[in-house]
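Colleague: Model the structure of this input:
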Amino acid sequence: MSESKPSKQPPVPQGTAEPEYALWDPLDPDVAGVFRGLSAEDAAYRDRARAFVQEEVRPVIAGIWDRAEYPLDLARRLGELDLLRDGIDVPGFPEQSLLAASLATMELSRGDGSIATIVGVQGGLALRSIALCGSEAQRERWLEPLARGTELGAFALTEPTHGSDSVSLETRARADGGDYVIDGHKKWIGSGGVGQVSVVWARGDDGRVQGFLVPQDAPGYRATTIEGKVSLRAIWQARIELDGVRVPASARMPGANSFADTSRVLQATRLGVAWGALGQATAVYETAVHYAGQRIQFGRPLAASQIVQARLAEMLSQLTSLQTLLMQLTRAEERGELTGPGASLGKYTATRTARDLARNARDLLGGNGILLENRVARHFADIEALHTYEGTETVQALIIGRDITGMSAFA
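Modeller: Model (predicted):
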C-alpha cells in the first residue's frame, strides 16, 4: 500500500460549532520501507484484516467497548475470513506464514485491542496448545471448528494467586480410575465462560504441570465474567472455579507434560503481542496526525505549530524503530533463530513504545482525547492490558537481563 497524506485543507469551524473529525483513514507510515516487497499471500491477509476493521469494526466498536459487550458475531466473522488461526497449520486451510499472521494481528489491533485479543486467545493460545500438545484425535476434533470460529476456546493458566509466577500454579488434576478430577481456580481467562472448551493447565499426581481439554459445560465448571474493567472491554474474561470437574483420560493432552510445554505456547504468542502493540501504536499515530491537521486553534491548524510537528516527528521515529525491530525478529523466528529472550525483547519494547505513543497522542488531542469516538482513549486503555498480559514488563526485563548477564534475578 502506498503512503497517503492527511488532508491539507482542514474544515473551517462555523461559529461555535465543532467540525466532525475524520480520524480513521490509514496513513501507512513506512519511512524505512519495512513493508515493501511483501508476498502477495502475506499482503492479502493484511488487506483482509484491514478491510474487516474499516468496514465491520469501525462503525460499531466504540459502542460495543463502552457497553462492555462481547461481539460474538465479529468473532465468527474472523473465522469466516480465516483471521483466527494466528499462523497455525490446520488441515483444509491455506498456508499462513508467521508474517501474514503478524500483519493481520497488527491490522486488527489498529482497529481494536479486544478484537485482536479474541484472535490471541482463540488462535494464539487455545488452538496453538492443541496443535502443539494435543493428540491426533484432539486435533481432529478441535482444530477446524476453532479456526472457523464455529466454536470458541479458552486458555486457562493464570490463577487468582499466580499471575507472573504461573509456573507455581496450584490447580490439581488427580487420577481417579480412568478419569481425572480437577480442582482449583483460574482468573483472567478470555472466552472462559462463552465458549465450548478450555485448555486447563493443572498439576498432576506427579507434581508436573499437565494440560486438559475441559468442556465449559462440564459439571463443576463455573465461570463468572469479570466486570468493572477499564481495558479490553469488548472481550469477556472470566473467573473460573473447577470443583471436582471430572474428565476422561482422553481429555489429557499427551504433549503437555511440564511447564516447559506451556512455555512453548506462551513464547510463540509473545511476538504476536508485540505486533498487536505496533497496531495500536499505529492507530494512535494516525489519529494524532489527522487531528492535528483538522483541529483549528488560534486561527490555524494544530499541525502548523512547531511543538506539534516535533511531537509527530517523535512519534514517527518511535513507530519506525518498532516496525524495524519487529520485522527483524519475525524474520528470525521464520528461520528458527529467535530465542526466548529475543521474543521477550520484542514484547518489552513494543508495549513500552505503544504506551508512550498513546500518552503523547492522548495529550495532543486535549479534551477530545478522552472521548471514545475519537479513538485514542480506547487504545490508551487497551494498551495497559497489552503491557501486562503474556508476561509483565518486569518479567520480560528479568528474562532479558538473565540473558545479558548469565545470572537469574527471579526471586
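
Colleague: Which elements pack onto the helix or strand harbouring A44?
Modeller: Element membership of A44 [criterion: DSSP states H and E] is helix 40-52. If you count contacts as 3 or more CB pairs under 8 Å, 6 or more residues apart in numbering; DSSP states H and E, helix 40-52 packs onto helix 98-111. All C-beta atoms are positioned from the backbone trio N, CA, C, and that covers glycine.

Colleague: how close does the one residue sitting closest to the centre of the chain get to T324?
Modeller: Nearest to the mean C-alpha position of the chain, counting by CA atoms, centre = their mean, stands T117 at 3.9 Å. Computed with CB to CB, to the nearest Å, the distance linking T117 and T324 is 25 Å.

Colleague: Over to P248?
Modeller: According to CB to CB, P248 stands 49 Å off from T324.

Colleague: Who has more neighbours out of those two?
Modeller: A direct count of neighbours by other CB atoms under 10 Å for P248 and T324 places T324 higher, at 14 against 11.

Colleague: which SS class is the more buried one?
Modeller: On the three-state scheme (DSSP: H, G, I helix; E, B strand; the rest coil), T324 is labelled helix.

Colleague: so where's this structure shaky on pLDDT?
Modeller: By pLDDT under 70, the weakly predicted segments of the chain are 1-15.

Colleague: change it to 90
Modeller: For the chain, the stretches with pLDDT under 90 are 1-19, 163-168, 263-264, 266-270, 388-392, 410-411.

Colleague: quick one on the thing from earlier: give me every residue that touches the residue nearest to the centre of the chain.
Modeller: If a contact means CB atoms under 8 Å, 6 or more residues apart in numbering, then T117 has G190, L232, I235, G276, A385 as its contacts.

Colleague: pretty sure it belongs to a helix, no?
Modeller: Yes: according to three-state DSSP, T117 belongs to a helix.

Colleague: now the contacts of T117 in CSV, with secondary structure and neighbour count?
Modeller: Shown next, in CSV, are the contacts of T117 (DSSP: H, G, I helix; E, B strand; the rest coil; neighbours: other CB atoms under 10 Å):
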residue, secondary structure, neighbour count
G190, strand, 27
L232, coil, 26
I235, coil, 26
G276, helix, 31
A385, helix, 20
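
Colleague: With respect to Y285, which of the residues you listed is nearest?
Modeller: Closest to Y285 out of these is G276 (15.0 Å), distances taken as CB to CB.

Colleague: I'd assumed T324 was in contact with V34.
Modeller: Yes: at 5.7 Å, V34 and T324 qualify as touching, with contact defined as CB atoms under 8 Å.

Colleague: if we can go back for a sec, now the residue nearest to the centre of the chain: how far from G124?
Modeller: For T117, the distance to G124 (CB to CB) stands at 9 Å.

Colleague: who's in contact with P59?
Modeller: Counted by CB under 8 Å, 6+ apart, P59 has zero contacts.

Colleague: Next up, phi/psi of it, please.
Modeller: Torsion angles at P59 (phi, psi; degrees, to the nearest 10) stand at phi -70, psi -20.

Colleague: Please apply the same query to the one 3 residues further on.
Modeller: Summarising the backbone geometry of A62 under the convention degrees, to the nearest 10, its torsions are phi -60, psi -40.

Colleague: where along the protein do the helices fall?
Modeller: If DSSP state H is used as the criterion, the helices of the chain fall at 40-52, 61-67, 72-80, 98-111, 113-119, 128-133, 136-148, 259-294, 306-334, 340-364, 376-388, 393-405.

Colleague: which helices and strands sit right next to the shortest one?
Modeller: In this structure, helix 128-133 packs against helix 136-148, strand 209-215, helix 259-294, with contacts taken as 3+ CB pairs under 8 Å, 6+ apart.
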